[in-house]
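> quick one, structure for this:
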Amino acid sequence: MTGSIILAAAVGYLLGSVPWGLLLTRAARLGDIRQVGSGNIGATNVLRTGNKKLAAATLALDLAKGLAAVLIGALWGPIAALAAAGAVVIGHMFPVWLGFRGGKGVATALGVLLALAWPVALAAAAIWLAVATLSRYSSLAALTGAVAAAALAAASLGPARAGIIAGIALLVIVRHHDNIRRLVAGTESRISFRKG
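Predicted coordinates for the structure are as follows:
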């Protein structure tokens, strides 16, 4: 049992540490995404290159690795699935290949949510979209979605799944510490959904 949990966590971490935003922008010859905007490797920063299709692909692939990690972990049982869920988000945030400087885990966390509790995932995604559309702050939308996901999980799921979702939400919030400071100061960058 312990070996399976460790293996599931290792698989989750390795999947999470694949930096799709960096790989896709390099393949598209857009340079190093870490030198653009916030320096983050996630979809929001890829969007700042002006390539919306690449940003969408990054979002989809980061989400997919969260979903895949949980499904693979589930082959070894429900506890292994939860271990993989936490590890894939940690892998995205702290990938060994990039000196443990990765993304903020929002899309990957959504993929995890889809695997663990899809109704919570859909509700959190709807909240993210509403806040992002109204405020045009991706970070504020992510923070609101994380809090909502934890609250909804606590209200509707058992302690194990609710606990791992709350832990992931806390990680997402902590990784947004710089964004929180900029939101308070009124200097946070906005995103655009316009075509162009």
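> now the longest helix along the chain: buried residues?
The longest helix of the chain (DSSP state H) is helix 52-73. Of the residues in helix 52-73, those with enough neighbours to count as buried (16 or more other CB atoms under 10 Å) are 52, 54-55, 57-59, 61-70, 72-73. Using the backbone N, CA and C atoms, a C-beta is placed for each residue, glycine as well.
> same for that helix, what does it pack against?
Where contact means 3 or more CB pairs under 8 Å, 6 or more residues apart in numbering; DSSP states H and E, helix 52-73 is packed against helix 2-16, helix 20-27, helix 43-47, helix 78-93, helix 106-116.
> redo that, cut-off 10 Å
Using 3 or more CB pairs under 10 Å, 6 or more residues apart in numbering; DSSP states H and E as the contact criterion, the secondary-structure elements in contact with helix 52-73 are helix 2-16, helix 20-27, helix 43-47, helix 78-93, helix 106-116, helix 118-135.
> Serialize those helices to JSON lines and add fields for mean pLDDT and distance to Val172.
Output for these, formatted as JSON lines (pLDDT from 0 to 100; distance: least, CB to CB, whole Å):
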{"stretch": "helix 2-16", "mean pLDDT": "96", "distance to Val172": "13"}
{"stretch": "helix 20-27", "mean pLDDT": "91", "distance to Val172": "16"}
{"stretch": "helix 43-47", "mean pLDDT": "85", "distance to Val172": "13"}
{"stretch": "helix 78-93", "mean pLDDT": "97", "distance to Val172": "8"}
{"stretch": "helix 106-116", "mean pLDDT": "97", "distance to Val172": "6"}
{"stretch": "helix 118-135", "mean pLDDT": "95", "distance to Val172": "11"}
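> which one of those lies closest to Phe100?
Nearest to Phe100 among these is helix 78-93 (8.4 Å), distances taken as CB to CB.
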